[in-house]
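Show me how the following folds:
(chains A and B)
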Amino acid sequence: MKCEQISELLPDYLQGSLSPDQRRTVETHLEQCADCSEEVAIWQKLSLLPVEQPGPASRARFEAVLQAYQAGRSNQPAHNSQWRKRFSSWNVFHWLRSPLGAAAWSAALLAIGIFAGLRLAGPKPPSPDLAAMQSELANMKQLVVLSMLQQQSASARLEGVTWSTRDQQLDPRVLSALLHTLRYDPSVDVRLAALDALSRHSAQPQVRSSVVSALQEQQSPLVQVALIDQLVEWHDRDARPHLEKLRQSPNLNPAVRQRADRAISKLN
Amino acid sequence: MTLAPDEDLMLQVRDGAGEMLGVLFDRYQTPLFNFYSKLTGDRTLSEDLVQEVFLRILKYRQSYRPGTPFRAWIYQIARNARVDHFRKFPRQTALEPEMLPPVVPSDSAQEQQEVELLRRALRMLPEDKREILLLCRFQELKYEEIAALLGCELNTVRTRIHRALQELRKSFHQLTKGTAS
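Modelled structure (predicted):
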């Protein structure tokens, strides 16, 4: 057999997954062909590379993050740990049936009705009307997002945050609701989602300054770490003094302090 | 006593038992660390990336679906973590083989010398070739799993491994000749 054919079998030969017949074919070839047998030899040589051990602090660092994370979660009662279960179709229906949801959807249906009516009434509706309708619909969407962000259940608020990311342009009211969510929402998951949503709008100066001020206010280490990472991602050098301040605050979680230290050195 | 499969532990983590992640950490921190350190040659960065992988598992635990092989899932996260890192912090200087300290063949045992040359030869490979060799030789991923991870055909994986080994062999030979002369 030629090297070309053998080379197709070699990777499986190396993993020991050839049939006995195929294996014999390869081995016969290897005895005669220096090139192919050297390929096998280098594969076997790779086992000489020693397994390196991570430093002893690695486990402790992980423990600190895990503990911080668990602590953050235990501050949130049952609804947080079970948000996924609550994020069921029942919940969405429940929301739709709530007075606020009903109002939002009635308004949305009305808008769709008017829109359809205008389209059907004239063959070519004047464009200003169309533009007005589109802005009306956009307003409806904002309204839905805004009302969801005010729901009692964390999963509904989480859904509200997700909805807000559907539009490239952020309505100022939605933006300020998201900023409020980032700073004051009682659920860690919702605050993290709000940060993710806001990270797409870093061009808005308000977003950056809110992330910086949230850094001083947040108590959850998981959120603190996410905020620090975000500032590093933005290469926000102005955030350095704030990070310095954070790392000096007493009772700061050691994992957060380490993260802040690394962030400061990266922003240098 | 049989050990709980990774997948069962991850499902428990997903459902709120974060402490079970400790068991997965103990199982995977060394393989992941080796994946990163052999790929980047940077110990500190490798330790940071291992931490990042486990932080991501906590953050995205809800996205873990029952039936997903955990090993493949964690390497997906590991690859993404590395890509994201280098996107945020582009490498300023690549670690060229010339920058490594010279090998002193005389006193050291032959095996030690071979290990050093092999390490250099591996470092000389383009990153994608180095990565695929690490995945199949050290991380014990099956070719099917690698194909899924890299988003390519099974046969492409075989061809790439073959080419990577050929190139590694060439570099290793060059280095061996260099030290012999």
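
now chain B, which segments are flagged as low pLDDT?
Scanning chain B for pLDDT under 70 picks out the ranges B:1-2, B:91-108, B:179-181.

Mind splitting it into its structural domains?
Structural domains assigned to chain B are B:1-90, B:107-181, following automatic domain parsing.

Can you lay out those domains as a markdown table showing mean neighbour count and distance to chain A?
Where you see a C-beta, it was placed from the backbone N, CA and C, and this is true even at glycine. As requested, those are arranged in a markdown table below (neighbours: other C-beta atoms under 10 Å in any protein chain shown; distance: least, C-beta to the nearest C-beta, whole Å):
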| stretch | mean neighbour count | distance to chain A |
| --- | --- | --- |
| domain B:1-90 | 17 | 4 |
| domain B:107-181 | 17 | 4 |
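
Turn these into a markdown table, columns for distance to residue A:145.
Shown next, in a markdown table, are the domains of chain B (distance: least, C-beta to C-beta, whole Å):
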| stretch | distance to residue A:145 |
| --- | --- |
| domain B:1-90 | 21 |
| domain B:107-181 | 34 |
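
got a list of contacts for stretch B:55-66?
With C-beta atoms under 8 Å, 6 or more residues apart in numbering or on different chains as the test, stretch B:55-66 has contacts from A:65-66, A:69, A:84, A:192, A:222, A:225, B:7, B:10-11, B:13-14, B:18, B:21, B:24, B:73-74, B:77, B:80-81.

ok, and the closest non-adjacent residue to residue A:240?
The shortest distance from residue A:240 to any residue other than its chain neighbours is 5.3 Å, reached at residue A:267 (C-beta to C-beta, 6 or more residues apart in numbering or on different chains).

residues from the stretch 1-150 of chain A in reach of chain B?
With C-beta under 8 Å from any C-beta of the partner chain as the criterion, the stretch 1-150 of chain A comes near chain B at residues A:7-8, A:10-12, A:14-15, A:38-39, A:42-43, A:45-55, A:58-59, A:61-63, A:65-66, A:69-70, A:73, A:81, A:84.

Residue B:66: what secondary structure?
Residue B:66 falls in the coil class when you classify it by DSSP: H, G, I helix; E, B strand; the rest coil.

Now do the phi/psi pair for it.
phi -60, psi 140 (degrees, to the nearest 10).

what do you get for residue A:168?
phi -70, psi -40.

which among the residues of the stretch 1-150 of chain A next to chain B end up buried?
The neighbour-count criterion (16 or more other C-beta atoms under 10 Å in any protein chain shown) marks A:7, A:10-12, A:14-15, A:38-39, A:42-43, A:45-46, A:49, A:54, A:58, A:61-62, A:65-66, A:69-70, A:73, A:81 among those as buried.

Out of those, which sit inside helices?
Those of these mapping onto helices are A:7, A:10-12, A:14, A:38-39, A:42-43, A:45, A:58, A:61-62, A:65-66, A:69-70, A:73, A:81, per DSSP state H.

C-alpha coordinates for whatever helix or strand residue A:230 lives in, PDB please?
If you go by DSSP states H and E, residue A:230 is part of helix A:221-233. Extracted in PDB, the C-alpha atoms of helix A:221-233 (Å, rounded to 0.1, in the frame of the first residue of the first chain):
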ATOM      1  CA  PRO A 221     -19.000  39.500  44.300                       C
ATOM      2  CA  LEU A 222     -20.300  37.900  41.100                       C
ATOM      3  CA  VAL A 223     -21.700  41.200  39.900                       C
ATOM      4  CA  GLN A 224     -18.500  43.000  41.000                       C
ATOM      5  CA  VAL A 225     -16.400  40.600  39.000                       C
ATOM      6  CA  ALA A 226     -18.600  41.100  35.900                       C
ATOM      7  CA  LEU A 227     -18.400  44.900  36.300                       C
ATOM      8  CA  ILE A 228     -14.700  44.800  36.500                       C
ATOM      9  CA  ASP A 229     -14.400  42.500  33.500                       C
ATOM     10  CA  GLN A 230     -16.600  44.900  31.600                       C
ATOM     11  CA  LEU A 231     -14.500  47.900  32.400                       C
ATOM     12  CA  VAL A 232     -11.400  46.000  31.300                       C
ATOM     13  CA  GLU A 233     -13.100  45.100  28.000                       C
END
